[in-house]
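K.L.:
Coordinates only, no sequence provided:
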């Protein structure tokens, strides 16, 4: 899609830049033949099937609270213009812009892969973070149900799981999550960026409305699932004024913990978000970008561990203090209670067994 198109209804990115590994580059040029009456073709979501051989990813980053993760999908239909996962689409030759939210990949057979990996004697039990890179409950999950199948495996093996989502679809799986939570095996973080529905429609066009996410917190809490409110990302000038209000709303809905992440703009996310910003909020754009530079030593982003999530300098320190005080006043914890890793029961990998009636030699 040409970078000339501007906003696309129901989509977040306003540009579709070339993937960084591609040997050629496109340059938009208006030759005058496209008129005002030539409406762009609606951008439909395309889903490509993947058949993964492995689905578990081990993480060694010192500033994230998990070691093990699983992502059922590549790309995310929510269309959040700020999504830090956008650069990953370059590895499949696609743009981090509109391609990321409209050309998706579904990991069919992920549950079977997971079952085989959990059956290995070498598997080390630690809470599995589900849907960290892209949302496990994005709209296409209604049809593909890959996340549901993964949860069924985790529930059957009593493997602990933590979920981060901005979708109300997580309520569908309460029949699995509630019994797991009762055993100390499941917890959920609901991401809420703003309570302004108009801003949310531009910022996260296919995610649940902010008030609907608060309702999801209420329903998960009522079912006994521990919920944390995640203010992510916290965007300078645009949403940082809502910090205290967001924490109070989360606590009122039943959340027991809270966290925040300052806006991150790695690699291609920076030009995608900046174009979105100048398209929708041109008068605030430079102020927002300047605040980010203040928090990252003059750059829009610094990927240094321990710095990338919160930033540094006076502005970032004020945010830290505001968050700490607001969280304490709302009665929210910094982190949820640790999940129980002692109940795990490895599945039987029947594909690698000779015969169910065959006795072991030792």
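P.N.:
Alright, I've got the coordinates. Since the model is a prediction, treat every value here as computed from it, not as a measurement.
K.L.:
which residues in the stretch 151-300 of the chain form strands?
P.N.:
Assigned by DSSP state E, counting those that start in this stretch, the strands in the stretch 151-300 of the chain fall at 161-165, 186-191, 227-234, 257-262.
K.L.:
And for the stretch 1-150 of the chain?
P.N.:
Counting by DSSP E, counting those that start in this stretch, the stretch 1-150 of the chain has these strands, from start to end: 46-50, 57-58, 68-70, 73-74, 103-107, 128-130.
K.L.:
Mind listing the strands the second one pairs with, and their directions?
P.N.:
Looking back up the chat, that one is strand 57-58. Note on strand 57-58: by DSSP bridges, its sheet partners are strand 68-70 (antiparallel).
K.L.:
And for the fifth one?
P.N.:
For strand 103-107, the paired strands and their directions (DSSP bridges) read strand 46-50 (parallel), strand 73-74 (antiparallel).
K.L.:
contact partners of the shortest one?
P.N.:
Contacts of strand 73-74 from elsewhere in the structure, counted by Cβ atoms under 8 Å, 6 or more residues apart in numbering, are 50, 88-89, 92, 104-107, 134-136, 138, 140-141, 144, 146. Glycine gets a C-beta too; all of them are placed from N, C-alpha and C.
K.L.:
quick one: which of the strands of the stretch 151-300 of the chain is nearest residue 61?
P.N.:
strand 257-262 (13.2 Å; Cβ to Cβ).
K.L.:
tell me the most buried of the strands paired with strand 103-107?
P.N.:
Compared across the strands paired with strand 103-107, strand 73-74 shows the largest average neighbour count, a mean of 23 (mean count of other Cβ atoms under 10 Å).
K.L.:
Now that one: average pLDDT?
P.N.:
On average, the pLDDT along strand 73-74 is 96.
K.L.:
Could you identify the buried members of the contacts of strand 73-74?
P.N.:
Listed as buried from the contacts of strand 73-74 are 88-89, 104-107, 134-136, 138, 140-141, 144, 146; burial here means 16 or more other Cβ atoms under 10 Å.
K.L.:
picking up where we left off before, how about the strands of the stretch 151-300 of the chain in JSON lines, adding mean pLDDT and distance to residue 291?
P.N.:
JSON lines is the format used below for the strands of the stretch 151-300 of the chain (pLDDT from 0 to 100; distance: least, Cβ to Cβ, whole Å):
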{"stretch": "strand 161-165", "mean pLDDT": "98", "distance to residue 291": "25"}
{"stretch": "strand 186-191", "mean pLDDT": "98", "distance to residue 291": "21"}
{"stretch": "strand 227-234", "mean pLDDT": "96", "distance to residue 291": "11"}
{"stretch": "strand 257-262", "mean pLDDT": "96", "distance to residue 291": "10"}
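K.L.:
Export the ones you listed to CSV and append columns for distance to residue 67 and mean neighbour count.
P.N.:
Output for the strands of the stretch 151-300 of the chain, formatted as CSV (distance: least, Cβ to Cβ, whole Å; neighbours: other Cβ atoms under 10 Å):
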stretch, distance to residue 67, mean neighbour count
strand 161-165, 11, 23
strand 186-191, 16, 24
strand 227-234, 18, 24
strand 257-262, 18, 21
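K.L.:
Dump those strands into a markdown table; add distance to residue 247 as well.
P.N.:
Below are the strands of the stretch 151-300 of the chain laid out as a markdown table (distance: least, Cβ to Cβ, whole Å):
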| stretch | distance to residue 247 |
| --- | --- |
| strand 161-165 | 17 |
| strand 186-191 | 13 |
| strand 227-234 | 7 |
| strand 257-262 | 6 |
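K.L.:
which one of these lies closest to residue 304?
P.N.:
Short answer: strand 257-262, nearest of the strands of the stretch 151-300 of the chain by Cβ to Cβ, at 13.0 Å.
K.L.:
Packing partners of that closest one?
P.N.:
Packed against strand 257-262 by the contact rule (3 or more Cβ pairs under 8 Å, 6 or more residues apart in numbering; DSSP states H and E) you find strand 227-234, helix 243-253, helix 313-330.
K.L.:
now for the first one, which elements pack on it?
P.N.:
Pointing back at strand 227-234 there. Packed next to strand 227-234, using 3+ Cβ pairs under 8 Å, 6+ apart, are strand 186-191, helix 210-222, helix 243-253, strand 257-262.
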